[in-house]
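*Asks:* Structure for the following, please:
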Amino acid sequence: MKLFIAEKPSLAQAIAHGLGHMKRQNGYIECGDSIVTWCFGHIMEQYRPEDYDEKYKPWRMEDLPILPTQWKLKVKNDCKDQFNIIKGLVGKADTIVNAGDPDREGQLLIDEVLNYIGVLGKKPIQRILLNALDDKSVKEALVNLQDNEKFVGLRNSALARSRADWIIGMNMTRASTLRARKSGYTDAVASVGRVQTPTMALVCRREMEIKNFHPVDFYQLRVDWQHPNGTVPTYWKAPADTEGMDEEGRILNREILEQVAERIRGNSGTVAKVEQKKGQLGQRLPYSLSTLQVEAGRKYGFTPQEVLNTQQKLYEKKLTTYPRSDCEYLPTNQLADVPAILKNLAGLSDEFAGFAHGADTSIKSKAWNDKKISAHHAIIPTTVKANLSELSEMEQKLYQMVAKAYLAQFYPPQEFLSTKIIIEAAGDTFQGSGKVILANGWKELYHAEASSEDEDGENSKLPNVEQGDSVSYQKDDILAKQTKPPKRFTPSSLIEAMKKISKYVKDKDLAPQLKECSGIGTEATRAAIIETIQKHGFVRVEKRNLVPTEKGYMLLTFLPDSITYPDITARWEKNLEAISSQSMSLEEFQQQQSSFIEQMLHEAKTKVIPPNPDAPKCPNCGKALCRRKGKNGYFWGCSGYPDCKTTFPDKNGKPDLHAKKGTSSRSGLTATCPKCGKQLHQINGKFGLFWGCEDRNCNAVFDDHDNKPVIQKCPDCEKGYLRRHPSKKKKGSFYWSCSERCGSGKFYNDKGGLPDLSK
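*Replies:* Below is the predicted model:
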């Protein structure tokens, strides 16, 4: 029996349909001699620190770094039933097929299940790569199964990424949270991530650039010259040594331009040079996920997550190919599908009918390049015909964007003529530039939606002039301009920044080598990262723009540059590619991360962090009070803990410094716990004073008598301690019994707040 394990039910359904003879069962589909079952994405999850060792349950700086020596996984609670179905089928299978998505996460997510069950490398395992779910694509993939071992590098790269995320996230989140609390910042957890933190920092630093921006006034001199064939508009070209010019070549002193204008008014000039060049703009490439997210964000305001979710729906409806592609190129074997796809697109609308009929299938754009293809190709329409009326508005718009980019491959390049004219007059030089579109080519598809910004300068036609021609002064104008601050990031432009991360490195020497890097995050995770930094409260959306919160600024202050700048993160992505190609081992990468976390923790522990000036102060020692969450809700504790154990109840988000009896506040009195040797502290609780151990694992509790704990071992079992209880029979009376309920059934009378052991 051959068992296919798909990443998700929709993929399983498509494979089963391709196999035929479908018979549905509980958790799987029988297809003749084959069976198709499925996961729900990752059904395995990594151990948390406390799963490895109970001592990691409380967060302590002295326990860091936490570095597992043997990495462990467990089945997610809500996936146990499906896991057991998969496990039972794996035991019966002769051959297993990994049907995860065609990327590194898809490879890992099935392999980790097989490894957990114990069959990875012990049974024949094959791999199916599906870039689309239409019947034609599925059936072609079914006859081209590959050896799963061929993709071990891809699996290890995903495994390396997963473990690196764990090491950075678990250690730096704990370190940052503990440091934040010590400095009086009360917000519960300062989450840190391998990708999310540099992404958050991009937004924070951009906002600081905007706040610190000081506009600069500068000026340009435009001069129009009269030629028999028409007006030649030009701008003055300032000599390199011009006084009053900044490093960017801007003229800051208006008087300089006024002097130039005065010199040439009423004078004639000479055409010193004429340059004309024909050029071409090649066809745009089809979409990868990130380029689609960026353009859909600019055009329609869609968020990256909305684009990904919608493309996933189109993929599951078999209308477009795999949505999480990082590739903008197409394999040449897809050329066979061109006639069928163009025929389908012609039926979308009258507009698309015109586009499809104008397509020339003999044109082969640069997008058709087998050397650029890895696990998947660009997002394109499938051979399944779409009915736009059955799609949501967002699905319609994204499908048409994908379709139009595909059609552009069968139109010629845009052709244009660029002209540059140099005019000399009164010892000064003036330059005019123009561009005339000779043939729209593929741009014809986008002509109707082109904005004025897109078309800026495209049809600025200059008159025909020749070198040596005389021109006369017509008019001049000094244009006052001002530098503008950088724009805030939108979710879409942040996706673009994450991909083109070399522009934002701290060490500029790294930029050239990082230009080839795929950036931080992946096509599949970038949208989720942006959602995550919003969910954690580091950034918020204002009028489609991303704006950092005080919490985001606070975290940026606490963390070392090595995690807030993308330099090292971009290198990691490059290393993950090396692991995928098996030019770097998983062990070598993990050793790098172990060394790196040691370095980051040292920086985090030693970095000077100014105290939060707004934090309430402890009345006993003067240090900041921090808001924390305990078993019974929020309370406030001294940041000087364990030296100062002062606590107060929470009242509307602030410490109740005047808490009355029954509000569970600590008095500051301490004693030694007889069970664990740590400190007991006196607490004013709901039913009066009592003593509790500072160690939650010990959790010992004792009654109070004259501001001292009543520590009396049970005379019968000598294990438990006697506790005082109100009598149910006689109001105002009390009795004492063993805390361990030792079974003797013996009770002791109360005598002045102490147990009476005389009877």
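
*Asks:* next structured bit after the worst-scoring helix or strand of the chain on mean pLDDT?
*Replies:* Counting by mean pLDDT, DSSP states H and E, the chain has its least confident helix or strand at helix 511-514, which shows a mean of 70. Past helix 511-514, further along toward the C-terminus, the next helix or strand under DSSP states H and E is helix 526-535.

*Asks:* Now do that next one: everything it contacts.
*Replies:* For helix 526-535, the external contacting residues (Cβ atoms under 8 Å, 6 or more residues apart in numbering) are 193, 195-196, 199-200, 203, 290, 293, 303-305, 307-308, 491, 494-495, 498-499, 521, 539-541, 546, 552. To be clear about C-beta, it is placed using only N, CA and C from the backbone, and glycine gets the same treatment.

*Asks:* hmm, try it at 6 Å
*Replies:* 195-196, 199-200, 304-305, 308, 491, 494-495, 498, 521, 539 (Cβ atoms under 6 Å, 6 or more residues apart in numbering).

*Asks:* Ok, stretch 627-638 next?
*Replies:* Applying Cβ under 6 Å, 6+ apart, the external contacts of stretch 627-638 come out as 186, 618, 623, 625-626, 644, 646-650, 655.

*Asks:* now the most centrally placed residue in the chain: how far from Glu45?
*Replies:* Nearest to the mean C-alpha position of the chain, by Cα atoms, centre = their mean, lies Ile529 at 2.1 Å. Ile529 sits 19 Å away from Glu45, going by Cβ to Cβ, to the nearest Å.

*Asks:* Could you do Ala201 as well?
*Replies:* 27 Å.

*Asks:* TSV for the contacts of stretch 627-638, including neighbour count, secondary structure and distance to Lys277?
*Replies:* Formatted as TSV, the contacts of stretch 627-638 follow (neighbours: other Cβ atoms under 10 Å; DSSP: H, G, I helix; E, B strand; the rest coil; distance: Cβ to Cβ, whole Å):
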residue	neighbour count	secondary structure	distance to Lys277
Thr186	22	coil	64
Cys618	24	coil	74
Lys623	20	coil	71
Leu625	25	strand	71
Cys626	25	strand	67
Cys644	17	coil	76
Thr646	21	coil	77
Thr647	23	strand	77
Phe648	24	strand	76
Pro649	19	strand	77
Asp650	18	strand	72
Pro655	26	strand	73
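
*Asks:* Using pLDDT, spot the least trustworthy of those.
*Replies:* Within the set of the contacts of stretch 627-638, pLDDT is lowest for Thr186 (63).

*Asks:* Find me the pLDDT at the nearest residue to Ala527 once chain neighbours are set aside, would you?
*Replies:* Spatial nearest neighbour of Ala527, excluding adjacent residues (Cβ to Cβ, 6 or more residues apart in numbering): Pro304 at 3.6 Å. pLDDT, Pro304: 95.

*Asks:* how deep is Gln107 tucked in, by neighbour count?
*Replies:* 28 (other Cβ atoms under 10 Å).

*Asks:* can you tell me which residues contact it?
*Replies:* Counting by Cβ under 6 Å, 6+ apart, Gln107 has contacts 100, 151, 154-155.

*Asks:* Restricted to buried residues, select these in ChimeraX.
*Replies:* The buried residues among these can be selected in ChimeraX (16 or more other Cβ atoms under 10 Å) with this line:
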select :100,151,154,155
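
*Asks:* For Gln431, state which of the contacts of Gln107 is nearest.
*Replies:* Using Cβ to Cβ, Leu154 comes nearest to Gln431 of those, at 52.8 Å.

*Asks:* Am I right that that closest one is in contact with Arg104?
*Replies:* Yes - contact criterion Cβ atoms under 6 Å: Leu154 and Arg104 qualify, at 4.8 Å.

*Asks:* Compare Ala201 and Glu45 (neighbour count), which wins?
*Replies:* Set side by side, Ala201 and Glu45 show more neighbours around Ala201, with 23 against 14, by other Cβ under 10 Å.

*Asks:* For the more buried one, pull up the helix or strand it's in.
*Replies:* Assigned by DSSP H and E, Ala201 belongs to helix 196-211.

*Asks:* That helix: what's the following helix or strand?
*Replies:* Counting by DSSP H and E, what follows helix 196-211 is strand 217-227.

*Asks:* now that next one, how far from the centre of its chain.
*Replies:* Centroid displacement of strand 217-227 relative to its chain, using Cα atoms, centre = their mean, to the nearest Å, is 46 Å.

*Asks:* quick one: contacts of it?
*Replies:* 231-236, 250-252, 254, 257, 260, 269, 423, 430, 463, 465, 471-472, 474-482.

*Asks:* out of those, which are inside helices?
*Replies:* Taking DSSP state H as the definition of helices, the contacts of strand 217-227 contribute 254, 257, 260.

*Asks:* so which of those is the most crowded?
*Replies:* Val260 leads the ones in helices among the contacts of strand 217-227 on contacts (other Cβ under 10 Å) with 23 neighbours.

*Asks:* any idea how far Val271 is from that one?
*Replies:* Taken as Cβ to Cβ, the span from Val260 to Val271 is 19 Å.

*Asks:* got it, and Asp756?
*Replies:* From Asp756 over to Val271 (counting by Cβ to Cβ), the distance is 117 Å.

*Asks:* And these two? Which one has more around it.
*Replies:* A direct count of neighbours by other Cβ under 10 Å for Asp756 and Val271 places Val271 higher, at 20 against 12.
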